[in-house]
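Chemist: Sequence and computational prediction follow.
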Amino acid sequence: MILTPEGLDALHSQLIVSCQAYPGEPMRDPRTTGQVAASAVIGGAAAVRVQGLADVQFTRSAVEVPVIGLWKDGHDGVFITPTLRHALAVANAGAHIVAIDGTRRPRPDSLTLKQTVSGIRAESHALVMADCGSFADAVAAVEAGADLIGTTLAGYTDERPKTAGPDLGLLAEIAGAGLGKPVVAEGRIHTPAQARQALDAGAFAVVVGTAITHPASITGWFKDALEN
Ligand SMILES: CC(=O)N[C@H](C=O)[C@@H](O)[C@H](O)[C@H](O)COP(=O)(O)O
C-alpha cells in the first residue's frame with residue numbers, strides 16, 4: 001500500500017500512537033513494538049509511529065494502518081532520522097511516512113532540509129513528516145516540501161521552552177498561519193483532555209506516545225502521585 005497525500009485525509013482528526021521503547025529497556029524488541037502497535041490499533045489508533053528499522057518492518061506486518069517510521073541516531077542535536085541515508089533506510093523498511101528532523105539546524109550530512117525531502121521523493125514513495133521545534137521551522141519545512149508538519153521537537157531545541165504539557169501555543173500559531181500542510185500535534189500530550197485541546201487548537205491529527213505506550217513513565221506518574 002502506497003500512501004498518497006490525498007490518503008492522509010483518513011488521518012484527519014484521528015489519534016496516532018507512537019510506540020517506542022528506549023535502548024536498554026525491557027520492551028526494546030521489534031516484536032514487542034509490533035504487538036504494542038497492534039494493540040493501539042485495536043483501541044482506535046488510525047496510524048502508528050515507530051522507531052528503528054526492524055521495528056518498522058515488524059510493525060508493517062503487524063498492522064494495516066499507515067506506519068510513520070523514524071530512525072533515532074544519538075540523542076543530542078539532530079538525531080531524528082538525521083540524514084538522507086537514514087531516511088531512505090526507513091522508507092525501504094516499509095514506512096508509509098518517514099519522520100525526519102524538520103528543524104533549520106545543520107544536518108550531519110550537510111544536506112538542506114529541501115535536498116533531504118527531494119532525495120526521499122526521488123528514491124521512494126514515502127511521504128515526509130517534518131518534526132519541527134518552532135514556527136520558523138514549520139515555515140521552512142513547508143517550503144522544503146514536507147507533506148506533514150509535526151510539533152514533535154517543541155521544547156527539545158533551544159527555540160521554545162519545554163512546557164509541562166503540549167505546546168499548544170506553537171500548535172495554534174502554526175495551524176493558524178494556514179501554511180497549506182497538515183499540522184500534527186506531538187509531544188507531551190499526556191491526557192485525553194490534552195489530545196482534545198490539541199485538535200481544538202487546530203491540529204490535523206494528534207500523536208500520543210509515552211502516555212499510552214511507555215509503562216515505566218506511566219508507572220512513575222502514579223508512584224509520584226502517591227508520594228506527594
Ligand atoms: C523529542 C523526541 O525524541 N520525541 C520522540 C519522537 O519520536 C519520542 O521520544 C516521543 O515519545 C514522541 O515524540 C511522542 O511524544 P510523547 O511521548 O511525549 O507523547
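Modeler: Happy to help now that I have it.

Chemist: Can you name the residues of the chain sitting close to the ligand?
Modeler: Neighbours of the ligand within the chain, by CB under 6 Å from any ligand atom: 18, 20, 70, 80, 152-153, 156, 186-189, 207-211. Backbone N, C-alpha and C define where each C-beta goes, glycine included.

Chemist: Nearest spatial neighbour of Leu153, chain-adjacent residues omitted?
Modeler: Gly133 (3.6 Å; CB to CB, 6 or more residues apart in numbering).

Chemist: Next, the one you found: secondary structure please.
Modeler: coil (DSSP: H, G, I helix; E, B strand; the rest coil).

Chemist: Can you give me every residue that contacts it?
Modeler: Contact partners of Gly133, counting by CB atoms under 8 Å, 6 or more residues apart in numbering, are Thr103, Thr152, Leu153, Ala154, Gly155, Tyr156, Thr157, Glu159, Arg160.

Chemist: Tell me which stretches of this structure form helices.
Modeler: Listed in chain order, the helices of the chain (DSSP state H) span 30-43, 53-62, 84-92, 113-123, 135-144, 168-176, 192-200, 210-213, 215-227.

Chemist: ok, whichever residue of the chain sits closest to the ligand - contacts?
Modeler: Residue nearest to the ligand within the chain: Gly209 (2.9 Å; CB to the nearest ligand atom). By CB under 8 Å, 6+ apart, Gly209 lies in contact with Val17, Ser18, Cys19, Gln20, Arg49, Glu186.

Chemist: right, and the pair among those with maximum separation?
Modeler: Maximum pairwise distance in these, criterion CB to CB, is 13.3 Å, between Cys19 and Glu186.

Chemist: Return the backbone torsion pair for Pro106.
Modeler: phi -60, psi 140 (degrees, to the nearest 10).

Chemist: quick revisit: PyMOL command to pick out the buried ones of the residues of the chain next to the ligand?
Modeler: Applied in PyMOL, the following selects the buried portion of the residues of the chain next to the ligand according to 16 or more other CB atoms under 10 Å:
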select buried, resi 18+20+70+80+152+153+156+186+187+188+189+207+208+209+210+211
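
Chemist: Filter the residues of the chain next to the ligand down to just the ones in strands.
Modeler: Ser18, Leu70, Glu186, Val207, Val208 (DSSP state E).

Chemist: Am I right that the fourth one is in contact with Cys19?
Modeler: Spelled out, it's Val207. No - the pair Val207 and Cys19 fails to qualify as a contact (CB atoms under 8 Å) at a distance of 10.8 Å.

Chemist: hey, what's in contact with both of the two?
Modeler: In contact with both Val207 and Cys19: Arg49, using CB under 8 Å, 6+ apart.

Chemist: so Ser217 touches Asp224, yeah?
Modeler: No - using CB under 8 Å, Ser217 makes no contact with Asp224, being 10.6 Å away.

Chemist: The two: which has the busier surroundings?
Modeler: The neighbour count for Ser217 versus Asp224, taken as other CB atoms under 10 Å, is higher for Ser217 (12 against 9).

Chemist: which residues does the more buried one contact?
Modeler: With CB under 8 Å, 6+ apart, Ser217 has these contacts: Thr210, Ala211.
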